[in-house]
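>>> missing the sequence, but the structure's below:
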Ligand code: 2P0
């Protein structure tokens, strides 16, 4: 499919008003997206676990205006309060998707959104937030044209979410989601994410992610700035090639359930992401001392116990601790005994692999 396929022809129906609510999860990348062209066209393919507990719930209420507006017309509520300062971000998003949703200026929207995770926990809400909003707008499109298929609905929701924020493209479906053109996966696309289409070993069917909140402060560097620093980065070519190689290796791991190799790839991806930040110009370090304390503790514990606990990182100091269901008691005990002490105010979130966004 190309961008053109997402431009609708005339709508069949007139819809005066309505309301829809979607709950959309966050996701954690195993192979990282870091580097992009315009409109969130990724420089390399990525793959993620969809999460379950970390989610945004967004209600979109729409009412047709007497006349089509010159600007977008919407009110935004975050956790019950009118949020003027979030409006520019939504406005930018609406501008980016307008060509694909030509009805936007015909309606007044009330957007009410809330997150399941604590505000400013350092967990990015762009993936869950923009995917939830994209789905809400797609629900209106489906009202206007009930003939669109489920497959088109899902792909276009991911496509629109991507225009808001790259990683949001991966938050529509579950449980393993791939985004970005890659030779080894049929129908993979830079435009939208797809559910990973091949066999996945049962060990990955129930995987845990305990998110350790090491530093809840505002990120010092926005992801958009970070992505852009991959332009002209001395190691970008090797990095992008490595992501393809890692995806090839991971494909085999998903088939066989080889956790040793899984750990190697996932931890290497996390550290490479941060290595890219440390070697860009300007350079920056988003890990905190406690991030490293936790990583070292995980390595020690894994060596001592032969369990399969591992970590991954986002573009921040928080640590995602990943482990299979069969080892959850032992590893969760370890997390409580030895890792939580390194969290800010002892805060952490127990999450696990999830199955995608839900209409409420
Ligand atoms: C990822 N991250 O694959 C990577 C790894 C963070 C670390 O995608 O500019 O918020 O909105 O496309 O998606 C975070 O960046 O950036 C991200 P934009 P996004 O999840």
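Arrived safely, thanks for sending. What you are looking at is a predicted structure, and each value in this text was computed from that prediction instead of being measured. Numbering: from 1, shown residues only.

>>> which parts of the stretch 51-200 of the chain are helices?
Counting by DSSP state H, counting those that start in this stretch, the stretch 51-200 of the chain has helices at residues 87-97, 126-144, 150-164.

>>> what angle separates the shortest one from helix 126-144?
For the pair helix 87-97 and helix 126-144, the angle between their directions (axes from the mean of the first three to the mean of the last three Cα atoms, to 10 degrees) equals 50 degrees.

>>> which helices and strands does helix 87-97 pack with?
Applying 3 or more Cβ pairs under 8 Å, 6 or more residues apart in numbering; DSSP states H and E, one finds that helix 87-97 contacts strand 73-78, helix 126-144, helix 150-164. In this view, the C-beta of every residue, glycine as well, is placed from N, C-alpha and C.

>>> what about it, average pLDDT?
Averaged over helix 87-97, pLDDT sits at 96.

>>> which residues of the stretch 101-250 of the chain lie near the ligand?
Applying Cβ under 6 Å from any ligand atom, one finds that the stretch 101-250 of the chain approaches the ligand through 124, 126, 165-167, 223-224, 227.

>>> just the buried members of these?
Buried by 16 or more other Cβ atoms under 10 Å: 124, 126, 165-167, 223, 227, out of those.

>>> mind checking pLDDT for the closest residue to the ligand within the stretch 251-360 of the chain?
Taking Cβ to the nearest ligand atom, the ligand has its nearest neighbour within the stretch 251-360 of the chain at residue 315, 4.0 Å off. On pLDDT, residue 315 comes in at 93.

>>> shouldn't it be within a strand?
No - counting by DSSP: H, G, I helix; E, B strand; the rest coil, residue 315 is not found in a strand; it is coil.

>>> how close does it get to residue 224?
The gap separating residue 315 from residue 224 is 10 Å, by Cβ to Cβ, to the nearest Å.

>>> go on, residue 189?
Noted for residue 189: a distance of 21 Å to residue 224, by Cβ to Cβ.

>>> next helix or strand past the host helix or strand of residue 224?
Residue 224 belongs to helix 223-228 when assigned by DSSP states H and E. Of the helices and strands lying after helix 223-228 in sequence (DSSP H and E), the nearest is helix 236-256.

>>> list the buried residues in that following helix.
Of the residues in helix 236-256, 236, 239-240, 242-244, 246-247, 250-251, 253-254 count as buried by neighbour count, 16+ other Cβ under 10 Å.

>>> now flag whichever of these is closest to residue 34.
Closest approach to residue 34 among the buried residues of helix 236-256 (Cβ to Cβ): residue 239, at 7.5 Å.

>>> next one: the nearest residue to the closest one once chain neighbours are set aside from residue 211, what distance?
Nearest non-adjacent residue to residue 239, counting by Cβ to Cβ, 6 or more residues apart in numbering: residue 276, 6.0 Å away. Residue 276 is 22 Å from residue 211, where distance means Cβ to Cβ.

>>> looking at these two, which one has more neighbours?
Using other Cβ atoms under 10 Å as the criterion, residue 276 and residue 211 rank with residue 211 on top: 25 against 22.

>>> let's verify that one: helix, strand, or coil?
Using three-state DSSP, the secondary structure recorded for residue 211 is strand.

>>> if I pick it, what's in contact with it?
For residue 211, the contact set (Cβ atoms under 8 Å, 6 or more residues apart in numbering) comprises 54, 123, 318-321, 348-349, 351.

>>> okay if I get these as CSV plus pLDDT and secondary structure?
Formatted as CSV, these follow (pLDDT from 0 to 100; DSSP: H, G, I helix; E, B strand; the rest coil):
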residue, pLDDT, secondary structure
54, 96, strand
123, 77, coil
318, 95, coil
319, 97, strand
320, 98, strand
321, 98, strand
348, 96, strand
349, 96, strand
351, 97, strand
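
>>> let's see if you can find the most crowded of the residues you listed.
residue 319 (30 neighbours).

>>> contacting residues for it?
211-212, 214, 291, 294-295, 311-313, 339.

>>> specify the beta-bridge partners of it.
residue 212, residue 313 (DSSP bridges).

>>> gap between it and residue 312?
8 Å.

>>> over to residue 341?
For residue 341, the distance to residue 312 - Cβ to Cβ - is 21 Å.

>>> these two: who's more crowded?
Between residue 341 and residue 312, residue 312 has the larger neighbour count (other Cβ under 10 Å), namely 22 against 12.

>>> right, and residue 144 touches residue 9 too?
No - the pair residue 144 and residue 9 does not pass the contact test of Cβ atoms under 8 Å, sitting 11.2 Å apart.

>>> with neighbour numbers in mind, choose between the two.
Shown here are residue 144 and residue 9; by other Cβ under 10 Å, residue 144 has more neighbours (17 against 7).

>>> now the more buried one: how far from residue 107?
On the measure of Cβ to Cβ, residue 144 and residue 107 end up 11 Å apart.

>>> residue 267 now?
Taken as Cβ to Cβ, the span from residue 267 to residue 107 is 46 Å.

>>> also residue 356?
26 Å.

>>> contacts only, for residue 43.
Taking Cβ under 8 Å, 6+ apart as the test, what residue 43 contacts is 33-37, 230, 236, 240.
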